[in-house]
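Trainee: okay, here's the prediction I keep looking at, along with the sequence it came from:
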Amino acid sequence: MTVRRSAAALAATAVLCVAAAPAALAAPAAPSTPPVIPSGLYGKADPTYDGVWRQSFALLAQDTVGLKPAPQALDWLTGQQCANGAFPSFRADAGKACDAKTMLDTNATAAAVQALAALGGQDAAVKKSVAWLKSVQNPDGGWTYSPGPGAASDANSTSIVIGALIAAGEKPAAVKSKAGKSAFDGLLEFQVGCAVPAADQGAFAYQKDKNGKLLANADATAAATLAGFGKSAVVPPANTGNSADNAQMPLMAPECPAGSTGAADMPTAAMGSEFYLVQTLRKNGNHLVAVTPGADKPTPDFGNTADAVIAIAAGGHGSAAKESYDWLQKNAAAWAKDNPAGLGTLVLAAHAVGADPKSFGGTDLVAQLNATGPAPQAATASASPSGKDEKKDEDGEDSGSSVWWIIGAGAFFGIGIGFLLSGRKKSQQL
């Protein structure tokens, strides 16, 4: 889902879409003297606001294609963790203990959990981070970007934390606040419901606006759809419906009968939000758009489009996801260059549709990603075209099976785990 952040994006817009970002989340101005980039960190841009985020997605993408990350890259990430299990966005001096002034970040922590859980051998670190995330769950069941007194939950932060819980083997429906609200309860609070124009039904909002209304937001919807389907960032390749025995179930429009206020359960909500995403992507020429400061018209939103591809694939609709993935192949290479979070997310999008990230419209995403930091170790023995050996779910079925079978079998939220992102702030246009 995700959720990419950078100092440039945060300083310029705080969140990808300015209209969707609450003023409370506006980032402070970037420091006049950028910190020295640590040798183990991917990317050369100022890591103040996205160091842990971009490192997590870089390592997660490498692992997905069968590469073993460089030891110093993993050491840098684990070294960012505070003693209480939380991760800040970036700590310039990891040798100094975190204190009350350290700005802890649920999004960075959730991204790190997903990467460390996927890499293995980091059970203690993952357990500590999950415990911290549970400790800062809001009474409504959701999460905010930077926990603190009165900080309101938002759909993006809640979604990426759900992805982290799933990656760590937790069941979000069982993770409840002291008020008895589950993680899914918290996320459902942000679906816009039925009292909106038909084109917006099924969507999720980032937060309520100043008038208390929920406004459709594609960024939040992509994040919530992925979480709602019970997945984290690594989604098993979805089928593309290219053969009679591999046909896909039709997309399901949001359930909004007369008098309805919206979906009452997470699977139904995710199906409705997936429908909204597909229709919105197609309306814009198979991509999402964003309004940036100074622009006289919306511009392509590469990061959220990649998130949407992953989310739609999570719902088992590989053909619909492939439509936008093909658009990304033609248009996103320049945006992702030298952007480890963007490159990592595109690798995960390729994996989700069963494509080869080394042949991304003439670009080798994996080689470009590896070039932004320490070289990974040798690839594992046998990997699928999109990366690793294709996995099976708990019942032995192929991991690309439609989510509809999963729902029918009553195992929707108990299946194997992968991941996005994120108040995921997007990088460069993100």
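Mentor: All right, it came through fine.

Trainee: what about the helices in the stretch 1-150 of the chain?
Mentor: 7-13, 51-64, 71-79, 106-119, 123-135 (DSSP state H, counting those that start in this stretch).

Trainee: columns mean neighbour count and mean pLDDT on top of those helices, output as TSV?
Mentor: C-betas here are computed from N, CA, C, even on glycine. Output for the helices of the stretch 1-150 of the chain, formatted as TSV (neighbours: other Cβ atoms under 10 Å; pLDDT from 0 to 100):
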stretch	mean neighbour count	mean pLDDT
helix 7-13	21	34
helix 51-64	30	98
helix 71-79	18	98
helix 106-119	30	98
helix 123-135	18	98
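
Trainee: dump these to TSV, plus distance to D338.
Mentor: Below are those laid out as TSV (distance: least, Cβ to Cβ, whole Å):
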stretch	distance to D338
helix 7-13	12
helix 51-64	11
helix 71-79	16
helix 106-119	19
helix 123-135	28
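
Trainee: of all the ones you listed, which lies closest to D209?
Mentor: Counting by Cβ to Cβ, D209 lies closest to helix 7-13 out of the helices of the stretch 1-150 of the chain; the figure is 16.6 Å.

Trainee: can you say which of the helices of the stretch 1-150 of the chain is nearest to Y325?
Mentor: Among these, helix 51-64 sits nearest to Y325 (Cβ to Cβ), with 15.1 Å.

Trainee: which elements pack onto the closest one?
Mentor: helix 71-79, helix 106-119, helix 340-352, helix 365-370 (3 or more Cβ pairs under 8 Å, 6 or more residues apart in numbering; DSSP states H and E).

Trainee: what mean pLDDT does the third one have?
Mentor: By that I understand helix 340-352. Taken as a whole, helix 340-352 has a mean pLDDT of 98.

Trainee: excluding its backbone neighbours, what's nearest S39?
Mentor: Q72 (6.5 Å; Cβ to Cβ, 6 or more residues apart in numbering).

Trainee: about what we covered before: quick one, which of the helices of the stretch 1-150 of the chain gets closest to E323.
Mentor: helix 51-64 (21.9 Å).

Trainee: take that closest one, keep the C-alpha atoms, and write them as CSV.
Mentor: Coordinates of each C-alpha in helix 51-64 appear next as CSV, following Å, rounded to 0.1, in the frame of the first residue of the first chain:
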residue,chain,number,x,y,z
GLY,A,51,15.1,7.3,6.1
VAL,A,52,13.5,4.3,7.8
TRP,A,53,10.7,4.2,5.3
ARG,A,54,12.8,4.1,2.1
GLN,A,55,15.2,1.6,3.7
SER,A,56,12.4,-0.7,4.6
PHE,A,57,10.9,-0.7,1.1
ALA,A,58,14.3,-1.2,-0.5
LEU,A,59,15.1,-4.2,1.7
LEU,A,60,11.6,-5.6,1.3
ALA,A,61,11.8,-5.3,-2.5
GLN,A,62,15.2,-7.0,-2.6
ASP,A,63,13.9,-9.9,-0.5
THR,A,64,10.9,-10.2,-2.7
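
Trainee: quick one, helices of the stretch 301-430 of the chain?
Mentor: All helices of the stretch 301-430 of the chain, identified by DSSP H, counting those that start in this stretch, fall at 302-314, 318-331, 333-336, 340-352, 365-370, 403-408.

Trainee: make TSV out of the ones you listed and add distance to A198 and mean neighbour count.
Mentor: Listed next are the helices of the stretch 301-430 of the chain as TSV, based on distance: least, Cβ to Cβ, whole Å; neighbours: other Cβ atoms under 10 Å:
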stretch	distance to A198	mean neighbour count
helix 302-314	20	33
helix 318-331	19	22
helix 333-336	32	19
helix 340-352	28	32
helix 365-370	37	23
helix 403-408	24	18
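
Trainee: can you lay out the ones you listed as CSV showing distance to L281?
Mentor: Compiled in CSV, the helices of the stretch 301-430 of the chain are given as follows (distance: least, Cβ to Cβ, whole Å):
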stretch, distance to L281
helix 302-314, 6
helix 318-331, 5
helix 333-336, 17
helix 340-352, 13
helix 365-370, 21
helix 403-408, 18
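
Trainee: rank those helices by mean pLDDT and give me the bottom one.
Mentor: Among these, helix 403-408 carries the lowest mean pLDDT (a mean of 35).

Trainee: what packs against the lengthiest helix in the chain?
Mentor: Secondary structure assigned by DSSP state H gives helix 266-283 as the longest helix of the chain. Applying 3+ Cβ pairs under 8 Å, 6+ apart, one finds that helix 266-283 contacts helix 183-188, helix 218-228, helix 302-314, helix 318-331.

Trainee: nearest to L67 among the ones you listed would be which one?
Mentor: Using Cβ to Cβ, these put helix 302-314 closest to L67, at 19.4 Å.

Trainee: now the angle from that closest one to helix 318-331?
Mentor: Angle, helix 302-314 to helix 318-331, by axes from the mean of the first three to the mean of the last three Cα atoms, to 10 degrees: 160 degrees.

Trainee: begin at 44, not 1, for the rest of this chat.
Mentor: Shifting the count to begin at 44 puts that one at helix 345-357.

Trainee: okay, S362 and A281: tell me how far apart.
Mentor: From S362 across to A281, the span is 8 Å (Cβ to Cβ, to the nearest Å).

Trainee: pretty sure K274 is in contact with G359, am I right?
Mentor: No. The pair K274 / G359 is not scored as a contact, 10.7 Å apart, by Cβ atoms under 8 Å.

Trainee: looking at those two, which is more packed in?
Mentor: More crowded of K274 and G359, by other Cβ atoms under 10 Å: K274, with 31 against 26.

Trainee: name the nearest residue to K274, ignoring sequence neighbours.
Mentor: Nearest residue to K274 in three dimensions, chain neighbours excluded: A357, at 4.3 Å (Cβ to Cβ, 6+ apart).

Trainee: likewise for F233?
Mentor: A198 (3.9 Å).

Trainee: verify the contact between the one you found and A246 for me.
Mentor: No. A198 lies out of contact with A246 (Cβ under 8 Å); the separation is 10.1 Å.

Trainee: what touches both of those two?
Mentor: Jointly contacting A198 and A246 under the rule Cβ atoms under 8 Å, 6 or more residues apart in numbering are N260, A263.

Trainee: burial measure for T342, as a count.
Mentor: Counted with other Cβ under 10 Å, T342 comes out at 12.

Trainee: could I get the pLDDT score of it?
Mentor: 94.

Trainee: for it, list each beta-bridge partner.
Mentor: Taking DSSP bridges as the rule, T342 bridges to A333.
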